[in-house]
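Trainee: Next input, structure requested:
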Amino acid sequence: MMQPGAYLLAAAADIRLAFFDIDGTLLDSHGQIHPHLYAAIASLKSKGIKTAIASGRPYFAARFLVDELGINDAGMFYTGAHLFEPRSQHTLLEVSLLVADALAVVQAAQTLDLYVEVYTPSGFYLQEQTEISRVHAAHLRVNPELDDLAAVAMRGSVSKLLVGVNRVTQGDKISILEKQFPQLIFARAYLAAYPDWQFASVISGAATKRRAFDFLLHHHQLKPHQIIAFGDAESDMDFLQMAGIGVAMGNANANIRAVADWVTKTADEAGVAYALEQLFPA
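Mentor: Residues are numbered from 1 along each chain as shown. Sure thing, here's the model as predicted:
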């Protein structure tokens, strides 16, 4: 593990806002908060640096982090489809999927025998419980509702779809699905406890990371060089590249580490806490 160089330490002096991914970043491979994070986040906030979530999760599945770690400034949820300020409980921007798109993706994914979850602003839905759904619900700390997913999609207000596949037994079916819907964004992610599985958050093509990043910069009245971002998955790459300092977790894939300015320890080793201690010493 290389310590940050003089350039990064100098850049850290300008930081005024930190964006944190959740799974594989703030949470370890078991979906838990490392004890070292509490003091590290508190120390960062004591320096006047804002803290915000930038995740594919909905706010209702991130609320426990807001409450426990105090990460409550305006940030990004649903991979860019929902920009929200936890402190004031105010939605800044919401971009839902068109009903026709949501329904078509659900039906195509079911035809391909993909795992599917449907998310609305207030909850998420499954067709039936499976081993993966139980693990995912435990990580989200929110229980799903069982319903016909096509019917849920037709009711509207779908913020995000989540599709998943066991690539060892089923192959890269997510890429097959993605080619059918070039107008939508497919943001890939993984469950650390199930490395054979790949997931993709499917959101409106209007909900780009660039739009989310620029919108939040304007809201916070900051410049890119004043931002630090932490992440571990393909869906985090844009924020890592757009921020003044992009920090990849040690558990990130090689292509993610390659675009980061620095690579910290793994989430299981409290990599976020380690990076904050190195870049923003007491």
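Trainee: is residue 116 in a bridge, and if so with what?
Mentor: residue 163 (DSSP bridges).
Trainee: Report pLDDT for it.
Mentor: Note on residue 116: pLDDT of 98.
Trainee: Tally up the residues packed near it, please.
Mentor: Residues near residue 116, counting by other C-beta atoms under 10 Å, number 23. Yep, even glycine has a C-beta here, placed from its N, CA and C like the rest.
Trainee: and what of residue 140?
Mentor: With other C-beta under 10 Å as criterion, residue 140 counts 20.
Trainee: separation between the closest residue to it other than its chain neighbours and residue 55?
Mentor: Once flanking residues are discounted, residue 140 sits nearest to residue 61: 4.1 Å by C-beta to C-beta, 6 or more residues apart in numbering. Using C-beta to C-beta, to the nearest Å, residue 61 is found at 9 Å from residue 55.
Trainee: Angles on the backbone of the residue nearest to residue 140, please.
Mentor: phi -100, psi 10 (degrees, to the nearest 10).
Trainee: just residue 33 next, same as before
Mentor: phi -90, psi 120.
Trainee: Pretty sure residue 273 is one of the things residue 34 touches, is it not?
Mentor: Yes. Residue 34 lies in contact with residue 273 (C-beta atoms under 8 Å); the separation is 6.5 Å.
Trainee: okay but residue 276 is in contact with residue 40, surely?
Mentor: Yes. Using C-beta under 8 Å, residue 276 makes contact with residue 40 at a distance of 4.4 Å.
Trainee: okay, these two: which has more neighbours?
Mentor: Per other C-beta under 10 Å, whichever of residue 276 and residue 40 has more neighbours is residue 276, with 26 against 19.
Trainee: A strand includes the more buried one, no?
Mentor: No. Counting by DSSP: H, G, I helix; E, B strand; the rest coil, residue 276 is not found in a strand; it is helix.
Trainee: Let me see the ranges of the strands in the chain.
Mentor: 17-20, 50-54, 73-77, 82-85, 90-94, 115-119, 124-126, 145-146, 160-166, 184-191, 194-204, 227-231, 245-248, 262-263 (DSSP state E).
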